[in-house]
Each structure stands twice: as C-alpha cells, then as structure tokens.
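Undergrad: 3D, please:
(chains A and B)
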Amino acid sequence: DTGVSQNPRHKITKRGQNVTFRCDPISEHNRLYWYRQTLGQGPEFLTYFQNEAQLEKSRLLSDRFSAERPKGSFSTLEIQRTEQGDSAMYLCASSLTLNTEYSGNTIYFGEGSWLTVV
Amino acid sequence: GIQVEQSPPDLILQEGANSTLRCNFSDSVNNLQWFHQNPWGQLINLFYIPSGTKQNGRLSATTVATERYSLLYISSSQTTDSGVYFCAVVMNYGGSQGNLIFGKGTKLSVKP
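TA: All right, here's what the predicted structure looks like:
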C-alpha cells in the first residue's frame, strides 16, 4: 500500500458547477478525515468517518458539501454549486484508531486535491 | 475555541544551522502533533507529543503541557527541511476526537 491516494489532484471548474473528489485511505485504516487548506493557513477540519459512520461535521461544511464513505473504504467529497470561496486544497487523511479514545495513532495525509473555481 | 499560535511565522536558515520552532496553545490538550508540509503540499507527521520529549534523528520535540507550549528543534538543517511546519492539537475537554486544530505554521527556508 502506497499511502492515502486522492484524485483528481487538480480541478478547475466554473462557478456553479459540481465537483467530486475521491479519497482512498490506507487499506486497514478505520478512520478517514477531510480537511480544507487555503493559502497561508493551516488545514481546517471538515468531517471525519469511523468506518462508514460520519461522526462529526464542521460548521464549515455547508449544505452544499456532502461526504460519504459507503463501505467504510474509499470516500467522496462533493461540492455542489461551487463558489469562488471554495477554492482551496482539499486534504484527506486516515488513521487506525483501535478504541473510542483518540490514541494518538499517526494520521497519514494524502497529497491533496487542489480546487480552483473561476 | 482553542487558539494555536506558532512562531516565528517565517524563518530563513543557512544549511547546517539549528533552529527552534514554538507552538503555544490556549487550553488544555490531550493530543499534540507536529507536521511538515513539503513544497508540493504533502503533510508528513513528525511527532505525536502531548507531553514530554521525543527525538527522531535531527529532529526533537518537547511539550510542556502545564505551561501550554511545545517546541520543535531542528539540528544541522538541510535544504530538504524546507517547507511549513504545523503544530496541531485536540482540546482536552470538549474536543472532538477527529478534529485536529492546526496553527498557521512556520515557513522554513534552508539555503545551501
């Protein structure tokens, strides 16, 4: 396994269009996270899954955003009716967390998907 | 919410120099991690260090949880150390287990 894989790596879209990003986590990892990063800032949490259950969503995740992890493996992040403010890098990460407490297991990030809305 | 402040925001070093990066946080945390983001955007986990000291090669980190700060030491810097270093935390009380809160990072440039 080569790590967390994201695609597409780059996407340019017109305002108002829908876009979908895919994330394939490290195969045995049960947790999957989505973050967003804009230039000059640290990543901001969007949502995370434990297996197929979406356990938390940030208020940054407006109703135009939806994330799924249907079989507890890969995940998709869809943005509907894109706006220029959605331009950012969307990062996916995964970890193997063995109990309900955050054990500090290492989080592995993908290389990110860059979105430019024009 | 919790505030995570990193300093300095920018740092330029000559190859071979040592440096110390600082992370201050405003509330009690049960999780603190340091990451390196390379110029291509890849985030690499360096340390999980909610307290104490750890070392990994030329890098080491110390967290003093009671005083709410963490330090990342880079010794004998190399050009490949260039990039942005982020500190990220999870609040001890009321913090989501999945929600790492990142600082704005320290941008390090190592010149040959």
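Undergrad: beta partners of the residue nearest to A:Phe65 when sequence neighbours are not counted?
TA: Of all residues not flanking A:Phe65 in the chain, A:Ile79 sits nearest, at 5.6 Å (Cβ to Cβ, 6 or more residues apart in numbering or on different chains). In short, each C-beta sits where N, CA and C put it, glycine included. Per DSSP bridges, residues listed as beta-bridge partners of A:Ile79: A:Val19, A:Phe65.
Undergrad: hmm, A:Ile79 is touching A:Gly16, no?
TA: No - with contact defined as Cβ atoms under 8 Å, A:Ile79 does not reach A:Gly16; the gap is 11.0 Å.
Undergrad: what residues are up against B:Lys54?
TA: B:47, B:60-61 (Cβ atoms under 8 Å, 6 or more residues apart in numbering or on different chains).
Undergrad: by neighbours, which of the residues you listed wins?
TA: With neighbours taken as other Cβ atoms under 10 Å in any protein chain shown, the top of those is B:Ala61, carrying 23 neighbours.
Undergrad: now it, what's its secondary structure?
TA: strand (DSSP: H, G, I helix; E, B strand; the rest coil).
Undergrad: any idea how far the nearest residue to A:Lys71 once chain neighbours are set aside is from chain B?
TA: In space, and not counting its chain neighbours, A:Lys71 is closest to A:Glu52: 6.4 Å by Cβ to Cβ, 6+ apart. Here A:Glu52 is placed at a distance of 15 Å from chain B (Cβ to the nearest Cβ, to the nearest Å).
Undergrad: also A:Asn7?
TA: Distance from A:Asn7 to chain B, by Cβ to the nearest Cβ: 14 Å.
Undergrad: pretty sure that residue contacts A:Phe21?
TA: Yes - assessed by Cβ under 8 Å, A:Asn7 is found in contact with A:Phe21 at 7.4 Å.
Undergrad: when these two are compared, which one has more neighbours?
TA: Neighbours per residue (other Cβ under 10 Å) separate A:Asn7 from A:Phe21, with A:Phe21 holding more: 23 against 13.
Undergrad: pull the CA atoms of the helix or strand harbouring the more buried one into PDB?
TA: A:Phe21 belongs to strand A:19-24 when assigned by DSSP states H and E. The C-alpha coordinates for strand A:19-24 follow below in PDB (Å, rounded to 0.1, in the frame of the first residue of the first chain):
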ATOM      1  CA  VAL A  19     -17.200  18.800  -8.300                       C
ATOM      2  CA  THR A  20     -16.400  15.500  -6.600                       C
ATOM      3  CA  PHE A  21     -13.100  14.400  -5.000                       C
ATOM      4  CA  ARG A  22     -12.200  10.800  -4.100                       C
ATOM      5  CA  CYS A  23     -10.000   9.600  -1.300                       C
ATOM      6  CA  ASP A  24      -8.600   6.100  -1.000                       C
END
